[in-house]
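Visitor: What follows is a predicted structure for the sequence shown.
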Amino acid sequence: MGARTTSRWIRAGLWTLPAAWLLTAWATLEPQPDQAQDPAGWARFVSSDLYQASHLLGSTGGTVLALFGFLALGCLLARSRAAGLAVPAMVAAAGGTALLLVPAAISTFATPAIGKAYLAGHEDVMLLEFPDTMTAAFLLGLLLAFAGSVLLGVAVWRGGVLPRWSGALWIAGAVLFHVLGVVLGQATTGASLPTQAAGAIVLAVAGGWMAWSFPRAGLPDPKTADD
């Protein structure tokens, strides 16, 4: 594959980053009612067509697009001065994001069914518990996705092929989304917090900045990159 064709594919992949995070922001704008304190409200919320659409297009679709974006960013940074950091960071971010497809699929397809069953009078469905392995997959995915994203931001800062401050903004967005959004939300309300949508928007801005800058930066020559 020639350098020009490779550049086009990397550029296209980079543009999936802002698209992925904008979809994710949309999916997390409206928090769910508390499942324990307001089960009927929760059931109506997760049974709606809007809920399933936002999770199918936003959560699941955004996660899939993010995978392409991480691969494109890793391929670009692999030809930079930060190649030694960028490649494992890409693997961690992509692997963690892939694991997060498990809870995304459950939220998209299983949760609406649970909500509809509750509204139909089967209130004992709220006692349903998922296996601990799903929680372990979620936590591992979240940890890898966060760590990989932060390290990719560091690689952007050090790589010299994209604006340094886009990497710093990317790191800030990752902290805001993963730590102050997902983790804090699960530890407090059990639902998404406004910080989750805000973090996704910051990541979308940082990803768009990287994608916009790529044509000017060009595809770096690996012969001139320092490991």
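Guide: Structure's in. What do you need? Residues are numbered from 1 along each chain as shown.
Visitor: I'd say L17 and G74 touch.
Guide: No: using CB atoms under 8 Å, L17 is not in contact with G74; the gap is 11.6 Å. No exception for glycine: its C-beta is placed from N, CA and C like everyone else's.
Visitor: Quickly find the element holding L152.
Guide: helix 132-159 (DSSP states H and E).
Visitor: Show me which residues of that helix are buried.
Guide: 137-138, 141-142, 144-159 (16 or more other CB atoms under 10 Å).
Visitor: How confident was the prediction at D227?
Guide: Per-residue confidence at D227 stands at 39 (pLDDT).
Visitor: can you list contacts of the helix or strand that contains P103?
Guide: Applying DSSP H and E as the criterion places P103 in helix 101-105. Helix 101-105 has contacts (CB atoms under 8 Å, 6 or more residues apart in numbering) with 55, 59-60, 63-64, 134, 137-138, 141.
Visitor: Now do the buried residues in the strand or helix carrying A20.
Guide: Secondary structure assigned from DSSP H and E places A20 in helix 3-27. By neighbour count on 16+ other CB under 10 Å, the buried set for helix 3-27 is 10-11, 13-27.
Visitor: and if you look at stretch 183-200?
Guide: 183, 185, 191-193, 195-200.
Visitor: what do you get for stretch 76-85?
Guide: Of the residues in stretch 76-85, those buried (16+ other CB under 10 Å) are 76-83, 85.
Visitor: so can I have CSV of these showing pLDDT and secondary structure?
Guide: Below are these laid out as CSV (pLDDT from 0 to 100; DSSP: H, G, I helix; E, B strand; the rest coil):
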residue, pLDDT, secondary structure
L76, 91, helix
L77, 92, helix
A78, 89, coil
R79, 84, coil
S80, 87, coil
R81, 88, coil
A82, 89, coil
A83, 89, helix
L85, 94, helix
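Visitor: dump the residue contacts of the most centrally placed residue in the chain.
Guide: Here the mean C-alpha position of the chain is nearest to the C-alpha of T63 (CA atoms, centre = their mean), at a distance of 5.4 Å. The contact partners of T63, taken as CB under 8 Å, 6+ apart, are 20, 24, 97, 100-101, 104.
Visitor: Roughly how far does A20 sit from A82?
Guide: According to CB to CB, to the nearest Å, A20 and A82 sit 22 Å apart.
Visitor: Check T133 too.
Guide: Going from T133 to A82 by CB to CB gives 35 Å.
Visitor: again, but for F68
Guide: 21 Å.
Visitor: For the helix or strand harbouring T195, name the packing helices and strands.
Guide: Counting by DSSP H and E, the element that carries T195 is helix 194-217. Applying 3 or more CB pairs under 8 Å, 6 or more residues apart in numbering; DSSP states H and E, we find helix 194-217 packed against helix 3-27, helix 61-77, helix 132-159, helix 164-174, helix 184-187.
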